[in-house]
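S.K.: Just need the structure, nothing else, for what follows:
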Amino acid sequence: MEPSPHRPHRLLRRLARVGLVRPRPDKPVDELDDGYFEWEQGTAAGVWEYYARFLPADQQGLLVIDVASGPGGRTLAHASKSEARFVALDQDRVALRSTLSKAGRENLNCLVADAYRLPFATGSVDVVLCENAMEHFDDPQAAVAEMSRVLKLGGLLLMVFPPWRAPYAGHLGYMTRWPWIHLLPAETLSSLLEAMVYEREGPSAWQRTRARGRAGLGSHLNRIPLQVLLDGIRQQPFELVGSYLVPEWGLGRILRFVPAFGEAFSSAVYLALRRSAAPSSSRWTLRTLQIQTLFHRKVRPDTAVTIGASAPRVPSS
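M.R.: Residues are numbered from 1 along each chain as shown. Next up is the predicted model:
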């Protein structure tokens, strides 16, 4: 299906019109847009209460670092509910400037830092947060190894990420509402996204997109399946003490428990990992997460967190 040098193929344009999402002023996409920080704060509703079940009741003096925090809206939301000391870390200095300008809390500081070279001594951190970042790391196993290094024995790594086969894990909600579209072959997906750019923004924007090359469309994601991620994390000295599959849609409340396919009906995965002396001897699988979700439903994160998917909402059990 070769495109014309002047416009995408007619069939692709028709498909694009069906699945296209028009820009929404109430849903910021760029991290530096006005409103994104506040929107990000909203996605953290109820999450610290879930994390707190794994933490001591007295959190004063605990050092919590948020790795790859972005603008830090979620970091601020957590810091406002705890007496722990929080440090937001990101390699994007501009994004962290947004955190500093809007935080206004004594227990929240910011550092420009690389997730693979954290500026903390070995065994010096009580809690590491890693939210909506695992899918972006080129080498997530190396990032987790570095988080393990800085954690104290018995410390916690608390993370959340969209599993790759989740309906909207491609972070393309700004462009289309079609679920699982990111699972298409790369060439097909790029052609369809280019056609959507053509239909929404016109020929000039389409030509600019083509000139930049297709590699830029969705290339910020590592496309690593859930089980591969779990196996990589398990190589580090951690014990899995809690997990939760956030359902996508109403049917997802049931379908997330389907063996082998529950990942496809979950918008996000929460993991609570305790730093131990040695790696776990048992394998963690989707089934492990499903069982823990079933028994931890009364204390749970209560919002979908996948950026680019649906707006934050409170799912019922």
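
S.K.: Could I get the full set of strands for the stretch 101-250 of the chain?
M.R.: Along the stretch 101-250 of the chain, the stretches classed as strands by DSSP state E, counting those that start in this stretch are 108-112, 125-131, 151-161, 238-247.

S.K.: Nearest residue to the middle of this protein?
M.R.: The centre of the chain sits closest to residue 132, judged by Cα atoms, centre = their mean, with a distance of 2.0 Å.

S.K.: Over to it: give its phi and psi.
M.R.: phi 60, psi 40 (degrees, to the nearest 10).

S.K.: Could you check the pLDDT of it?
M.R.: Residue 132 carries a pLDDT value of 93.

S.K.: Then residue 288?
M.R.: Residue 288 carries a pLDDT value of 97.

S.K.: got the angle for whichever strand or helix holds it vs strand 238-247?
M.R.: In the assignment (DSSP states H and E), residue 288 maps to helix 286-295. For helix 286-295 against strand 238-247, the angle by axes from the mean of the first three to the mean of the last three Cα atoms, to 10 degrees is 70 degrees.

S.K.: Okay, buried residues for helix 286-295 please.
M.R.: By 16 or more other Cβ atoms under 10 Å, the buried positions in helix 286-295 come out as 286, 289, 290, 292, 293. In this view, the C-beta of every residue, glycine as well, is placed from N, C-alpha and C.

S.K.: Just send the residues you listed back as TSV, with distance to residue 154 too.
M.R.: As requested, these are arranged in TSV below (distance: Cβ to Cβ, whole Å):
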residue	distance to residue 154
286	27
289	22
290	27
292	20
293	24
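
S.K.: According to the record, where do the domains of this protein fall?
M.R.: 10-20+172-216, 36-163+222-295 (automatic domain parsing).

S.K.: any weak-confidence spans in the stretch 151-300 of the chain?
M.R.: Residue ranges of the stretch 151-300 of the chain with pLDDT under 70: 200-219, 297-300.

S.K.: can you rerun that using 90?
M.R.: Across the stretch 151-300 of the chain, residues meeting the criterion (pLDDT under 90) sit at 170-178, 181, 184-221, 294-300.

S.K.: can you count the residues close to residue 126?
M.R.: Residues lying near residue 126 (other Cβ atoms under 10 Å) number 20.

S.K.: do residue 188 as well
M.R.: For residue 188, using other Cβ under 10 Å, the count is 12.

S.K.: re the thing from before, quick check: which of the strands of the stretch 101-250 of the chain is buried the most?
M.R.: When you average the neighbours per residue for each of the strands of the stretch 101-250 of the chain (mean count of other Cβ atoms under 10 Å), strand 125-131 leads with a mean of 24.

S.K.: Okay, now the sheet partners of that one, with direction.
M.R.: Paired with strand 125-131 in the same sheet, following DSSP bridges, are strand 63-67 (parallel), strand 151-161 (parallel).
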